[in-house]
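S.K.: Just need the structure, nothing else, for what follows:
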Amino acid sequence: QVQVVVRRQRGVVVNGHVVSLKYCATCNIYRPPRCSHCKVCDNCVDRFDHHCPWLGTCVGRRNYVTFVSFVLATTLLACFVMGSSLYVLHLEGANGLMGMSIFLGAQRHPDVAGLAVFTCLSLLFLLLLSGMHIMLLSTNVTTSEQMKGVWRDRENVYDRGIWVNVRQAMCSPVPPSLVWPGSGDSAQSAAFDVEQAVGADDG
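M.R.: Down below sits the predicted model:
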């Protein structure tokens, strides 16, 4: 005999809007808002942004600032390396014809020319990645929500304006982990039945 367990829908209030909490059958918890279960890491990630295959981990609430800082720093480093490489090539070929100094310098230093080409190609990807996350930061949207089009046809209840969104994402203290025993689950304790909340609003 198969026993069917029916769980009541729960939710929290976010900026005056009731947001439903989904139950994760794998982790056996009601997931906090914007939390998703990562199939690769096999656990729920708070404010799940995406799973980064290059870093080998998920990007979420507790490490998003580190990830964005890493991307922006890498972009600036690539700009500096490419600019320095082109400047060195220009100096090495400064005796050549106007506009041909870089090509003459590349003939004398193919290693520097290869570094300039590599950083130029890398910079195209890094600029796109940095620009995308700056846009997501300004609108308080995660990469997962953007890819799924969660807020495409409705109002983003987490959007509080550009400056507040950036300050909240980049300057907020890192919250304690909810994985370790004794840390507590704020979303669980703050959750309530959605049916009761809607009924209270109607009354």
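
S.K.: residue ranges with poor pLDDT in the chain?
M.R.: 1-9, 95-99, 179-203 (pLDDT under 70).

S.K.: show me where it has helices.
M.R.: Assigned by DSSP state H, the chain shows helices spanning 64-92, 101-108, 110-139, 143-148, 162-171, 186-190, 194-202.

S.K.: Ok, which of those comes nearest Gly56?
M.R.: helix 64-92 (12.5 Å; Cβ to Cβ). C-beta here means a position set from N, CA and C on the backbone, and glycine is covered the same way.

S.K.: Kindly reformat the helices of the chain as a markdown table containing mean neighbour count and distance to His37.
M.R.: Output for the helices of the chain, formatted as a markdown table (neighbours: other Cβ atoms under 10 Å; distance: least, Cβ to Cβ, whole Å):
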| stretch | mean neighbour count | distance to His37 |
| --- | --- | --- |
| helix 64-92 | 16 | 18 |
| helix 101-108 | 17 | 50 |
| helix 110-139 | 15 | 21 |
| helix 143-148 | 16 | 11 |
| helix 162-171 | 13 | 22 |
| helix 186-190 | 13 | 14 |
| helix 194-202 | 11 | 20 |
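
S.K.: closest to Cys41 out of these?
M.R.: So among these, helix 143-148 is nearest, using Cβ to Cβ, at 13.6 Å.
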